[in-house]
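Participant: Fold the stuff below for me.
(2 chains)
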Amino acid sequence: MERPLTRNIRPHEPPLALEDYRRVGGYEAVRKALAQSPEAITETVKEAGLRGCGGAGFQTGIKWSAVPMGPDAPHPKYLVVNADEMEPGSFKDRLLLEGDPHQMVEAIIVSSFAIQADQAYIFLRGEYVLARRRLNAAIGEAYAAGLLGPRILGSDYGLELHVHSSAGRYMCGEASALLNALEGGRAIPRAKAVRTAVSGLWGKPTVVNNVETLCNVPHIVNNGAAWYQSLGLGDAAGTKIYGASGKVGRPGAWELPLGTALRAIIEEHAGGMRDGVAFRACLPGGASTAFVGEAGLDAAMDWHGMQSVGSRLGTGTVIVLDDQTCPVGMLLSLQQFFAQESCGWCTPCWSGLHWVASLLHRFEAGEATEDDFDLLRTQADHLTKGYTFCGLAPGAMESLASGLDLFRDDFMRHVSLRRCPWRT
Amino acid sequence: MLSEEERRDIELEAPHYATREALCIDALRIVQGHRGYVSDQALQEIADYLGLPLSQVEGAATFYNLIFRHPVGAQVIFVCDSVSCWIMGCERLLERLRAHLATDVGGTSPDGRYTLLTVPCLGACALAPVLMIGETLHGHVTADSLPDLLGKGA
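Facilitator: Model prediction:
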């Protein structure tokens, strides 16, 4: 089984330096890309079927196609790497950034060339200190070797690359809010009337892509679209870094064919449940995806498979709930996060999410009534797309709505016992 | 006025951005790096130096989790309280830390060594529960391993 994204990553060892990275074929994709037209690369990425790994799953090649090209295109153009990994339960981008920083840099050069970007930024979580050090070391090596800066490898193409270390807020993960943060302001989402591909950072054409998404690009350029498609199972293309956390035997992250069954991730790769606890349900792709119970475990962990069981692939990192952990407490932890991290721009989000969190707190404190359950249901139905300015609150409602369906009896036990049954 | 070092560090970032305004967040982090936190006075100094309205600098300073608007201890402990760490027992960890440091979340130990904060998911969920002491991540933290960690972090 091929593992292009993680082939150079060795746990507990420092990442490959430039010379070693080149020895295993690194930066070959830059050479290949510079020998083609930018449009040809975008076409290959489109054919490969690469989709965004940050959660939304938008087709990468189509996103790039919206960027104005040719001699009349406005410049500077920007490529921004969304390395603001902050979706609770997600820990895959850290692995790629710390484990193979040169792969990230190579991916940025090739992808920037495809949209003819002049400047690229890595928008990095402030807490990712080791990733920052390793990225800056790799970028320094790349500049010294003529892989960054003007006239890359003697071509007419030049690119500047800078790591922006964020001051921290989940909202920065939303692409347009991220651009406001890069411009020095509060990370509040922008109206979507104008696409960032046309008018993004400082009003110039800008593409924002997730870390894992971009890391696929050099491999696609090296090996072709057909090869990339052959990596996935069924209709799915490529590999995916899956992860599992919670009370499983071996929590961790693994690069596997996209389309691997959710059950295989939990039972084989994560080693099943720990002794003494049983599986209850899981969030398959981070905090903003709907719960999947036992009945959905045989579904494929890909875009279609997760949709077929009422959830989403999201970031592909599974959070497992066991029978010894209170599902209401878990929902409270999730909603406290969303309430705290809301940017405060639109009322349904800043007010609604705090209301939701306070209602869940009433259950945990033994103060809730059955009416509070219905009120949560109402919130879950109303903090959805169309009522809010961006996807934060609707994402928060995916785990809540599915949790209300799955755990109704648990909520009612909190009401009848007037306490949390899991707390003594 | 910002110190010479602070101004120099800000100017090192300047070539990477299209506007002076974009330096606001880097400036906040740089000043905090030198002074430990960002006081009202520091906000005004950054605003003056970058030529921005005070309200804009304050707006940014109050938005971001890693900008401290109050003095902090010699080191900050960031305890992840998001879902995976919650499942793996971060509440017990926080309880032990509160007792050990004799402060609540958001406060500083009486000896001024540690400030205790919670932080959203640190992206190391396979190691849950996790926390950061200063810039160092620690995984699989237990109540029993805390005293050792705090010894090292000092």
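Participant: going forward, measure contacts and count neighbours with C-alpha atoms only.
Facilitator: Noted.
Participant: how many neighbours does residue 140 have?
Facilitator: Chain wasn't specified; assuming chain A. As a burial measure, A:Gly140 scores 15 neighbours (other Cα atoms under 10 Å in any protein chain shown).
Participant: that's the other chain; I wanted chain B
Facilitator: B:His140: 14 neighbours (other Cα under 10 Å).
Participant: cool, A:Ala237 as well?
Facilitator: A:Ala237: 23 neighbours (other Cα under 10 Å).
Participant: That one and B:Leu150: what is the separation?
Facilitator: 46 Å (Cα to Cα, to the nearest Å).
Participant: What residue spans form the domains of the chain?
Facilitator: Assuming you mean chain A. A:18-230, A:242-322, A:327-417 (automatic domain parsing).
Participant: hmm, I had chain B in mind actually
Facilitator: B:4-63, B:75-153.
Participant: Now the most centrally placed residue in chain B: which helix or strand?
Facilitator: Nearest to the mean C-alpha position of chain B, counting by Cα atoms, centre = their mean, stands B:Leu66 at 4.2 Å. Secondary structure from DSSP states H and E places B:Leu66 outside every helix and strand.
Participant: export the domains of chain A to a markdown table and tack on distance to chain B?
Facilitator: Formatted as a markdown table, the domains of chain A follow (distance: least, Cα to the nearest Cα, whole Å):
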| stretch | distance to chain B |
| --- | --- |
| domain A:18-230 | 4 |
| domain A:242-322 | 5 |
| domain A:327-417 | 6 |
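Participant: Mean pLDDT added to those, as TSV?
Facilitator: TSV is the format used below for the domains of chain A (pLDDT from 0 to 100):
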stretch	mean pLDDT
domain A:18-230	97
domain A:242-322	98
domain A:327-417	97
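Participant: Rebuild these as TSV, extending it with distance to B:Ile30.
Facilitator: Output for the domains of chain A, formatted as TSV (distance: least, Cα to Cα, whole Å):
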stretch	distance to B:Ile30
domain A:18-230	11
domain A:242-322	32
domain A:327-417	23
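Participant: so where do the helices sit in chain B?
Facilitator: Along chain B, counting by DSSP state H, helices occupy B:4-13, B:24-35, B:40-50, B:54-63, B:83-87, B:90-101, B:146-153.
Participant: what does the stretch 1-150 of chain A give?
Facilitator: Secondary structure of the stretch 1-150 of chain A (DSSP state H, counting those that start in this stretch): helices located at A:18-23, A:28-34, A:38-48, A:60-65, A:93-99, A:101-115, A:129-144.
Participant: Can you check which of the ones you listed gets nearest to A:Glu268?
Facilitator: Across those, A:Glu268 has its closest neighbour in helix A:93-99 (20.6 Å, Cα to Cα).
Participant: Return the most buried member of the helices of chain B.
Facilitator: helix B:83-87 (a mean of 29; mean count of other Cα atoms under 10 Å in any protein chain shown).
Participant: Packing partners of that one?
Facilitator: If you count contacts as 3 or more Cα pairs under 8 Å, 6 or more residues apart in numbering or on different chains; DSSP states H and E, helix B:83-87 packs onto strand A:239-246, helix A:327-341.
Participant: what do you get if the cut-off is 10 Å, keeping everything else the same?
Facilitator: For helix B:83-87, the contact count by 3 or more Cα pairs under 10 Å, 6 or more residues apart in numbering or on different chains; DSSP states H and E identifies strand A:239-246, strand A:317-322, helix A:327-341, helix B:90-101 as packing neighbours.
Participant: A:Leu178 and A:Tyr121, how far apart?
Facilitator: 11 Å.
Participant: if I look at the two, which residues touch both of them?
Facilitator: A:Val80, A:Asn82, A:Val208 (Cα atoms under 10 Å, 6 or more residues apart in numbering or on different chains).
Participant: Just the buried subset of these, written out for ChimeraX, thanks.
Facilitator: Restricted to buried positions by 16 or more other Cα atoms under 10 Å in any protein chain shown, the ChimeraX selection for those reads:
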select /A:80,82,208
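Participant: Mind putting the shared contacts of A:Leu178 and A:Tyr121 into TSV with distance to A:Asp410?
Facilitator: Formatted as TSV, the shared contacts of A:Leu178 and A:Tyr121 follow (distance: Cα to Cα, whole Å):
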residue	distance to A:Asp410
A:Val80	43
A:Asn82	38
A:Val208	41
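Participant: Just to be sure, which of the shared contacts of A:Leu178 and A:Tyr121 are found in strands?
Facilitator: A:Val80, A:Asn82, A:Val208 (DSSP state E).
Participant: Considering these, which is situated nearest to A:Ala145?
Facilitator: Closest to A:Ala145, out of all of these and judged by Cα to Cα, is A:Val80, at 22.4 Å.
Participant: who's that closest one bridged to?
Facilitator: Beta bridges link A:Val80 to A:Tyr121, A:Val208 when assigned by DSSP bridges.
Participant: and the gap between it and A:Trp355?
Facilitator: Taking Cα to Cα, one finds A:Val80 at 34 Å from A:Trp355.
Participant: if I look at the residue nearest to the centre of chain B, how far off is chain A?
Facilitator: Distance of B:Leu66 to chain A, computed by Cα to the nearest Cα, to the nearest Å: 5 Å.
Participant: A:Leu417 - nearest residue in space that isn't next to it in sequence?
Facilitator: A:Gly366 (7.3 Å; Cα to Cα, 6 or more residues apart in numbering or on different chains).
Participant: so the one you found makes contact with A:Arg418?
Facilitator: Yes. At 4.0 Å, A:Gly366 counts as touching A:Arg418 under the criterion of Cα atoms under 10 Å.
Participant: which residues sit in contact with the residue nearest the centre of chain A?
Facilitator: The residue lying closest to the centre of chain A (Cα atoms, centre = their mean) is A:Gly54, at 2.4 Å. Listed by Cα under 10 Å, 6+ apart, the contact set of A:Gly54 reads A:82-85, A:87, A:90, A:92-93, A:173-174, A:209-213, A:285, A:313-316.
Participant: and it, what are its phi and psi?
Facilitator: Per-residue torsions, A:Gly54: phi -80, psi -10 (degrees, to the nearest 10).
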